[in-house]
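Participant: need a structure here:
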Amino acid sequence: MQGTVDGFSYGVVTPLVAYLMACLGGALGLRCTTRAMLVAHSWRPAWLALGSAAIGSGIWTMHFVAMMGFSVKETPIHYDKPLTYASLGLAIVMVGVGIFIVGYRGATGTALFTGGTITGLGIASMHYLGMAGLRLNGTLQYDTVMVAASVVIGVVAATSALWAAGQVRGFLWSVGASLVMGLAVSGMHYTGMAALSVHLHGADVTSPGDSPASLLAPMLIGPLAFLCLAAVVVIFDPLMVTGKPDQLRVAHKPGVPADEVTHHPSRRPQLRVSRQQSHHSARTPQNR
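Facilitator: So this is what the prediction gives:
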């Protein structure tokens, strides 16, 4: 018996909020990645780790906010908490591997392809491991073609976002990139959900149980609090907002375009000219 799947129990509310969560996590993660490319080597791992956790938490929060609107008409839904939290850890770790590759090797060529692929696979893995934590009186089945399409969307979204982070073009550029990334991540999620069908084991005579929103809301408190703290770090760091390089430290950092590093070569010639002029003026009275 096939179950009646509804992914929009609350209408457009859950997709919209989920999209905003994906944008928030993406924006914070991209700004942290950009900042990591502009600081001294000793600080870079901290910024990259913060960016990884921000993107992973944002994607995970987006997924389970969207899942608040998911229901199967014939059976109640529960969630396995260990698997649910494991999907969060997996997202942070795999996104972190991709971000660290780009952070140290630069957002170009092989490093960008490798980092984007790993990050995209991390997004997809989080989604399907989170779905594995779903508990209901039935079996989840997936359409292989749609699953493959969702993975491709995740990889393309991650690669594009990491490329944008490596451009270091300021706050508005990162906002635009995060909006695109949020759209792609949301598209990956709902493409994966479109691949899902539920085969029920039989008529479920148990009580309806709690709503998905009441089950998931307590688990979302921690990641949401972390995203708020990460946002505070971004707001109070001027370089995170402006995206301007630290000229005392940024030289020869991977991922930073050469034209962003201004060495002001004209200063020394001007200084020499001024010295020559002062020296000439000092000797002029003697020549007279």
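
Participant: what about Gln141, which SS state?
Facilitator: strand (DSSP: H, G, I helix; E, B strand; the rest coil).

Participant: For the residue lying closest to it once chain neighbours are set aside, what is the enclosing helix or strand?
Facilitator: Nearest residue to Gln141 in three dimensions, chain neighbours excluded: Ser197, at 4.9 Å (CB to CB, 6 or more residues apart in numbering). All C-beta atoms are positioned from the backbone trio N, CA, C, and that covers glycine. Using DSSP states H and E, Ser197 sits in strand 196-200.

Participant: Show the subsequent helix or strand relative to that strand.
Facilitator: Strand 196-200 is succeeded, C-terminally, by helix 212-235 (DSSP H and E).

Participant: just checking, what packs against that next one?
Facilitator: helix 13-36, helix 44-67, strand 78-79, helix 81-105, helix 238-242 (3 or more CB pairs under 8 Å, 6 or more residues apart in numbering; DSSP states H and E).

Participant: Next one: the residue lying closest to Leu88 once chain neighbours are set aside relative to Leu136, how far apart?
Facilitator: Of all residues not flanking Leu88 in the chain, Trp60 sits nearest, at 4.6 Å (CB to CB, 6+ apart). Between Trp60 and Leu136 the computed distance is 21 Å (CB to CB, to the nearest Å).

Participant: More neighbours: which of these two?
Facilitator: With neighbours defined as other CB atoms under 10 Å, Trp60 and Leu136 compare such that Trp60 has more, 29 against 20.

Participant: Ok, which of the helices and strands packed on helix 212-235 comes nearest Ala132?
Facilitator: helix 81-105 (5.8 Å; CB to CB).

Participant: Please point out which parts of the closest one sit buried.
Facilitator: 84-88, 90-92, 94-105 (16 or more other CB atoms under 10 Å).

Participant: That helix versus helix 212-235: what angle between them?
Facilitator: Inter-element angle recorded for helix 81-105 and helix 212-235: 30 degrees (by axes from the mean of the first three to the mean of the last three CA atoms, to 10 degrees).

Participant: going on from helix 81-105, what's the next piece of helix or strand?
Facilitator: helix 109-132.

Participant: So which elements touch that following helix?
Facilitator: Counting by 3+ CB pairs under 8 Å, 6+ apart, helix 109-132 packs on helix 44-67, helix 81-105, helix 144-167, helix 171-194.

Participant: Next secondary structure after it?
Facilitator: Past helix 109-132, further along toward the C-terminus, the next helix or strand under DSSP H and E is strand 134-135.

Participant: Not counting its own residues, what contacts that next one?
Facilitator: Ile77, His78, Tyr79, Asp80, Leu140 (CB atoms under 8 Å, 6 or more residues apart in numbering).

Participant: Which one of these sits in the busiest neighbourhood?
Facilitator: When neighbours are counted by other CB under 10 Å, Ile77 leads the contacts of strand 134-135 with 20 neighbours.

Participant: Could you measure from that one over to Gly222?
Facilitator: Taken as CB to CB, the span from Ile77 to Gly222 is 21 Å.

Participant: what's the answer for Ser174, then?
Facilitator: 25 Å.

Participant: And these two? Which one has more around it.
Facilitator: In this view Ser174 and Gly222 are compared by other CB under 10 Å, and Ser174 has more residues nearby, 28 against 13.
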